[in-house]
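*Asks:* structure for the following, please:
(2 chains)
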Amino acid sequence: MKSIRFRLFATLALVTALVWGGAVLWAEVHTRAEVQQVLDSRLMESARMVSSMMRAGDVRPVIQASETKAGHVYDRQLSCQIWSMDGQLLGRSQSAPVEQLSGGEDGFSEREIRGERWRVYTVSDPQAGFRVMVGDNLAVREHLVGSVVTGLIGPAVLGLAALGALIWWSVGRGLAPVRQMTDALSARDADDLAPIDVSHGARELQPFVLALNELIGRLGAARRREAEFTAAAAHELRTPLAGLRIQAQIAAATDDPSIRRHALEQIQSSVDRTARLVAGLLALAREDETPIRDENRRLITLRQAFPAAASDERVQFFGEDGLLYVDPVRFGAAADNLLANARRHADKRIRIGLEMTLRSSRLVVEDDGAGVAADELSRLGQRFFRGAGGRHEGAGLGLSIVLAMIKAHGGEVRFLNSPLGGLRVELLLDRINIRSAGSGGEGRKPD
Amino acid sequence: MRILAIEDDPVLADGLSVGLSACGWTVEQVATVEEARAALEASRFDAVVLDLGLPDGDGLSVLRYARERDMDVGVVVLSARDESRDRIQALDAGADDYVGKPFDLDELAARLRAVRRRLLGRSSPALRHGDLTLDPKARLAWRGDGDLSLSRREFAVLEALMERPSQVLSRAQLEERLYGWQEDIGSNAVEVHIHHLRAKLGAGFIRTVRGVGYTLQ
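*Replies:* Got it, this is the predicted structure:
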């Protein structure tokens, strides 16, 4: 994993080094040119000065003996020679070589004498009959320029190191809010789903914190739903367990065979009912109401959706010209529960069919049973709700499963009283879920 | 003892009915708040076993209904909600005891006996009158010299009279305690049991208060 601090530091340090290095390079080039120019004009000045003094006759040229021992490099910077026009050495300074420093033409020139390069300025005075040459040993000159430039680069390198340390420290300081948030988050208890306080942190972090808070909120809601569901499930399982326990106790304690047989029958029916309750709970726990995916949709007929109807002669189908375009597994779970509910309560008739109008399409399941009291219609579909009248075998989960599955299909469920006398369940389905048989080929998926 | 079991789960309700009857009690059974109110209104019960999660409402509303009318009845709440705040709520609403599901039948019976005892202001589990002692749990009766052999209903009549020795119980009150709603009662069933008891205990033990009922001498 890359560290933001390291990346920021590397980028800043590189950019700073480039800019800094460029500036130093420019200063070096500039300084070198400047020093050359200054030294050149010193050569020129000196040559002209000697020449004018010679013409005025103020000085008499002397040939100094060559110095044998090299003193400090700066001691012998400038060397001067005075030649007659016909090439006779009239005089020279102590540091000057005996060879002629230049070819004799006026102005600047360079020449190599005994392995050393010289830069020379020559002034001729043909009337007075002499020529003055003033030269710099280039090695000495380079040494001078070099020490000036070194004096410049040394502090620059030190400055760059200091800047690096400063950048490292500043980046760390700038990232302090991130570190604080990390510390706060990692110190958090796993159960602590309170949102993170947005008012303190840096403004740049706020979108991140808000997104995180939204996630925490969703997580909290999911956890609450789960806890409620678990509590409700535990609650619902305790009653059948109590029934089983009491019946088992009766069977164990009695000497009367008919009482024992009755208790064992009760145990059997309770075990069956509890098994259905557990199956329903598992179905609901799996069903998280996530919308169904298109690749799971299949075109099925009404009769395929209600396979159990074939064995019940009370069932009448109508409006069969429509096809369902649904997830067969999840829609099937809803259909099974609807039909089981209708079969449990119906007397002689169960009607299942599609009602399609221009504006809406719905699947209807209705029966001619005793129906549901008006004040209980609205409570149908609530988990574990069993009608007051019906001491039936259900666990009160079937219609909850229907609600969840139809919601996943983007539909709605309505509970009404049927003209037949019993309950009428309408599944209001989105157009995508129902196709008329005529145009059924459209969107068909190969199985 | 006459008990009203208010429970909507058919298997558990059946178990309560059979199991508590085996303790020698008369058990009536209802499944909804509405039926429970009607039953409490219609006749007297000594104790109520009350489930809280009923299909048409909260069992606590039955409890409040009974307490608002000062019904002299012991209530044991039976609930799948087993957290202490649920227990506190039920006890503060007037319940005498609270049993979490699932429970032991013998424990429920013992709690019902204890609730009944407290309601009658008694601390000893045995009932005594003169030299006669009744053990409601073992359903045994004995007099100084030895055990008495009593039928289930004779024992119930004697227990009812001994619970409130100074009170006169009418024939209808005794019938209610002896028979469930579904049972056929002979027109002189109570008189027959009293007759048998007098034969076993001596003619003077149970006194007839003419036109009112029976009490102990």
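*Asks:* check what pLDDT B:Ala109 gets.
*Replies:* You'll see B:Ala109 listed with a pLDDT of 94.
*Asks:* go on, the one 3 residues further on?
*Replies:* At B:Leu112 the predicted local confidence, pLDDT, stands at 95.
*Asks:* check A:Thr254 too.
*Replies:* With respect to pLDDT, A:Thr254 scores 91.
*Asks:* tell me the contacts of it?
*Replies:* A:260, A:263, B:22 (CB atoms under 8 Å, 6 or more residues apart in numbering or on different chains). Placement of C-beta: from N, CA and C, glycine included.
*Asks:* okay, now the last one: neighbour count?
*Replies:* Other residues within reach of B:Ala22, judged by other CB atoms under 10 Å in any protein chain shown, total 17.
*Asks:* go on, the first one?
*Replies:* Here the neighbour count serves as a burial measure; for A:Arg260 (other CB under 10 Å) it reads 16.
*Asks:* next, see if the strand or helix carrying it gets close to chain B.
*Replies:* Assigned by DSSP states H and E, A:Arg260 belongs to helix A:257-286. Yes: Helix A:257-286 reaches chain B (CB under 8 Å from any CB of the partner chain) through A:259, A:262-263, A:266-267, A:269-270, A:273.
*Asks:* any of those buried? List them.
*Replies:* Buried subset of the residues of helix A:257-286 next to chain B (neighbour count, 16 or more other CB atoms under 10 Å in any protein chain shown): A:259, A:262-263, A:266-267, A:269-270, A:273.
*Asks:* domain-wise, how is chain B divided?
*Replies:* B:2-119, B:127-216 (automatic domain parsing).
*Asks:* make CSV out of these and add distance to chain A.
*Replies:* Listed next are the domains of chain B as CSV, based on distance: least, CB to the nearest CB, whole Å:
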stretch, distance to chain A
domain B:2-119, 3
domain B:127-216, 14
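*Asks:* return the member of the ones you listed having the minimum mean pLDDT.
*Replies:* Among the domains of chain B, domain B:127-216 scores lowest, at a mean of 84.
*Asks:* quick one, phi psi at A:Ala346?
*Replies:* phi -70, psi 150 (degrees, to the nearest 10).
*Asks:* and what of B:Asp106?
*Replies:* According to degrees, to the nearest 10, B:Asp106 has phi -60, psi -40.
*Asks:* next up, the contacts around it.
*Replies:* Here B:Asp106 is in contact with A:Gln249 (CB under 8 Å, 6+ apart).
*Asks:* save the contacts of A:Thr254 as CSV, and put in distance to A:His235 too.
*Replies:* As requested, the contacts of A:Thr254 are exported to CSV (distance: CB to CB, whole Å):
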residue, distance to A:His235
A:Arg260, 30
A:Ala263, 25
B:Ala22, 28
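*Asks:* hang on, the earlier thing: tell me the one among the buried ones among the residues of helix A:257-286 next to chain B nearest to chain B.
*Replies:* Nearest to chain B among those is A:Ser270, at 4.1 Å by CB to the nearest CB.
*Asks:* and the pLDDT at the closest one?
*Replies:* In this prediction A:Ser270 is given a pLDDT of 89.
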